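> Got a sequence here, can you model it:
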Amino acid sequence: MAEDRSDSDTLLFLTDEQLRRAIEAMFFAYRGFTADPDRILAGMNYGRAHHRAIHFIQRTPGTTVNNLLAILGVTKQSLNRVLRTLVEDGLVDSRVGARDRRERNLYLTESGAILEAELSTAQRARMRAAFREAGPEAVAGFRQVLEHMMDPELRRLFAATREGER
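Below you'll find the predicted structure:
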């Protein structure tokens, strides 16, 4: 068994410089990944927090504020500020919970769904082009690397969002 680990470690050994380059690649890729939505949101005085909230409300219609807090990992104050503007601007509908009246269930309005589609279409186009260029093996490897970078609790949240895939 130790022999298998040794072979595995040898195959996956990366120098500090190679790891630095990978980190830099992630920073630059993230910049590209967020560039199109940032341009769309800038004209509306929204930022990435608004985008993330809209994305996850679309993925799980009726999600609670507490669930969104867990997914986004932001403070309640920060999320409330974001949600307040989205509700006031008619992009998100906040409804009293059916089971627990203290809960708020969140839904995108028609306008919110249109904005979410515009934002995600831009990101899907960028990812589709990159995935096509890299090929299927690279895509599978990329996803595995991303999942293994997640803390266990975040991996569970990610898995829960996949259950809602269409």
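
> Poorly predicted segments of the chain, please.
1-11, 162-166 (pLDDT under 70).

> Isn't P61 up against T109?
No: applying C-beta atoms under 8 Å as the test, P61 and T109 come out as separate, 11.2 Å apart. (Each C-beta comes from the backbone N, C-alpha and C, glycine too.)

> Please, where are all the helices along the chain?
Counting by DSSP state H, the chain has these helices, from start to end: 2-11, 16-42, 48-59, 65-72, 76-88, 110-134, 136-149, 152-162.

> who are the neighbours in contact with the spatially most central residue of the chain?
Nearest to the geometric centre of the chain sits R52, at 6.3 Å (C-alpha atoms, centre = their mean). R52 makes contacts with L72, as judged by C-beta atoms under 8 Å, 6 or more residues apart in numbering.

> ditto for L69
L69 makes contact with 76, 79, according to C-beta under 8 Å, 6+ apart.

> Go again with 10 Å.
Contacts for L69 (C-beta atoms under 10 Å, 6 or more residues apart in numbering) come out as 75-76, 78-80.

> what separates it from L79, distance-wise?
Plainly put, L69 is 6 Å away from L79 if you go by C-beta to C-beta, to the nearest Å.

> Repeat that for V92.
Counting by C-beta to C-beta, the gap from V92 to L79 is 11 Å.

> Give the intersection of the neighbour lists for the two.
Common contacts of V92 and L79 (C-beta under 10 Å, 6+ apart): A53.

> Neighbour count: the two, which is higher?
V92 (22 against 19; other C-beta atoms under 10 Å).

> The more buried one against L106, yeah?
Yes: here V92 reaches L106: they are 5.8 Å apart, a contact under C-beta atoms under 10 Å.

> Give me the common contacts of the two.
53-54, 57, 83, 86, 112.
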